[in-house]
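Novice: pasting the sequence and the predicted coordinates here, then a few questions.
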Amino acid sequence: MVVAGRSPVESIAFGWWAACAVPLLFVDLAVHRLPDRLTYAAAGGTLALLGLAALLVGDPTAWWRAVLAGLGAALFLAGTTLLLGRRGFGLGDAKLALSAVAVLGWLGWPAVVLGTLLTFGASALCGLALLATRRIGWGGHLPFGPFLVLGTLGALALS
């Protein structure tokens, strides 16, 4: 389990992220939007709590890795929005990725890779299934937030 053997502040940081991310999953499924109030709360709270954990544990490397991983993912997703418009990921997805990938980055680069593979793999499989059953067309849109949350939770459970 991901919180076993972790400091209380690390566990609180993971819990904070999950408390923000799970409602975001359902909101994105329902209305294809990720509200700023929750994405900003997830990012700010998670990064602040992980920063506090880094100070208490005395290992700033994990915090810097979390920040770099989260920023890299957010910039990639935001870049697709800017380059591809509506065919790219939404800016809400980029804001959610900042906190989701930061949580994985805290655990290490293998967790980031696993979370990325789970997220994009599940999204691709779901999209292909919807195309095959003709429930969505080639121009259709899938909310990416639920896959990001589930991929991150899956990587947390497996790390």
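Specialist: That came through, no problem.

Novice: just for this protein, where's the confidence low?
Specialist: 1-4, 137-140 (pLDDT under 70).

Novice: now with 80, please.
Specialist: 1-6, 86-88, 135-141 (pLDDT under 80).

Novice: now the residue most central in space within it: which helix or strand?
Specialist: When CA atoms, centre = their mean is applied to the chain, the residue found nearest the centroid is A100 (2.8 Å). Taking DSSP states H and E as the definition, one finds A100 inside helix 91-107.

Novice: residues contacting the helix or strand following that helix, please?
Specialist: Downstream of helix 91-107, the next assigned helix or strand under DSSP H and E is helix 109-132. Outside helix 109-132, the residues that touch it by CB atoms under 8 Å, 6 or more residues apart in numbering are 65, 69, 73, 100-101, 104-105, 136-138, 140, 142, 144, 147-148, 150-152, 154-156, 158-159. (Glycine included, C-beta is placed from N, CA and C.)

Novice: can you rerun that using 6 Å?
Specialist: Here helix 109-132 makes contact (CB atoms under 6 Å, 6 or more residues apart in numbering) with 69, 104-105, 136, 142, 147-148, 151-152, 154-155, 159.

Novice: same deal with stretch 43-53?
Specialist: So stretch 43-53 is in contact with 7, 9-10, 12-13, 16-17, 63, 66, 98-99, 102, 106, going by CB under 6 Å, 6+ apart.

Novice: 7 Å instead, please
Specialist: 7, 9-10, 12-13, 16-17, 63, 66-67, 95, 98-99, 102-103, 106 (CB atoms under 7 Å, 6 or more residues apart in numbering).

Novice: quick one: stretch 81-92 to chain centroid distance?
Specialist: Computed by CA atoms, centre = their mean, to the nearest Å, the chain-centroid distance of stretch 81-92 equals 16 Å.
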